[in-house]
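Student: Can you look at this prediction? I've put the sequence above it.
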Amino acid sequence: MKMLVTAIAALLVVSAIYVIWQPFFDWPGFRATIQEHLMAGSWQMTITPFGMAGLIILATANFLLIFGGLATVWRLFDGFEKGNVFTAESGMLLWRSGQFALAGAISMILSRTVAILLVTYANPPGQGILAISFGTTEAMLLVVCGLLLVMGQVMMIATEIEAENRSII
């Protein structure tokens with residue numbers, strides 16, 4: 001499992017490099033990517049230096065959030081590899097990975113909204129866009145977050161009960 005986490009992290013690093021490279025060396029492609037993914041290809045957008053800086057900050061925050069979650073999952077699987085499966089630490093790491101997933105779900109909703117505002121705020125009056133979307137992807141991620149949070153909490157409580165039972169016997 002740690003190999004899978006490493007592969008995902010490597011893929012994210014390559015993606016981050018591409019996201020940094022594209023505006024400088026393929027501006028039309030960058031605009032087309034934003035137009036396609038944010039605006040569904042149909043609305044006017046005006047990318048200003050302020051808007052570009054905002055997009056960079058947004059992307060950086062999301063990448064850091066993802067890497068934080070991957071680091072937590074890495075530590076969880078590292079503990080599993082060492083035989084620390086049902087421990088308070090593994091419960092806490094599972095719960096923390098649920099927190100990162102919850103933050104990611106909230107970030108998915110807010111980031112798209114903020115990104116659309118950033119690329120349309122300089123449009124002519126009356127052509128700015130405010131779009132908030134919530135779909136099945138976000139809903140399913142929230143379900144997974146809930147499961148991770150509950151399972152992590154149950155695991156922490158179970159290890160406390162198990163430690164108390166050992167002290168009695």
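Tutor: Good, I have the coordinates. Numbers count the residues shown, from 1 in each chain.
Student: so what does the helix or strand of the chain with the lowest mean pLDDT touch, helix or strand wise?
Tutor: Taking mean pLDDT, DSSP states H and E as the measure, the chain has helix 27-38 as its least confident helix or strand, at a mean of 81. Helix 27-38 sits against helix 2-25, helix 88-120, with contacts defined as 3 or more C-beta pairs under 8 Å, 6 or more residues apart in numbering; DSSP states H and E. Every C-beta, even on glycine, is put in place using the N, C-alpha and C of the backbone.
Student: just these: most buried one?
Tutor: Among the helices and strands packed on helix 27-38, ranked by average contacts under mean count of other C-beta atoms under 10 Å, first place goes to helix 88-120 (a mean of 19).
Student: and that one with helix 27-38, angle?
Tutor: Here helix 88-120 runs at an angle of 110 degrees relative to helix 27-38 (axes from the mean of the first three to the mean of the last three C-alpha atoms, to 10 degrees).
Student: Any idea how far the next helix or strand along the chain from helix 88-120 is from the middle of the chain?
Tutor: Downstream of helix 88-120, the next assigned helix or strand under DSSP states H and E is helix 136-168. Helix 136-168 has its C-alpha centroid displaced from the chain centroid by 21 Å (C-alpha atoms, centre = their mean, to the nearest Å).
Student: now for helix 136-168, which elements pack on it?
Tutor: Using 3+ C-beta pairs under 8 Å, 6+ apart: helix 136-168 touches helix 88-120.
Student: Pull the distance from the helix it packs on to the chain's centre.
Tutor: 5 Å.
Student: Run the angle between that helix and helix 136-168 for me.
Tutor: 160 degrees.
Student: neighbouring contacts of the least confident helix or strand of the chain?
Tutor: 22-23, 41, 45, 47, 55, 112, 115-116, 119 (C-beta atoms under 8 Å, 6 or more residues apart in numbering).
Student: re earlier: reformat the helices and strands packed on helix 27-38 as TSV; add distance to residue 127.
Tutor: What follows is these, written out as TSV (distance: least, C-beta to C-beta, whole Å):
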stretch	distance to residue 127
helix 2-25	23
helix 88-120	7
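Student: Find the centremost residue of this protein, please.
Tutor: residue 104 (3.5 Å; C-alpha atoms, centre = their mean).
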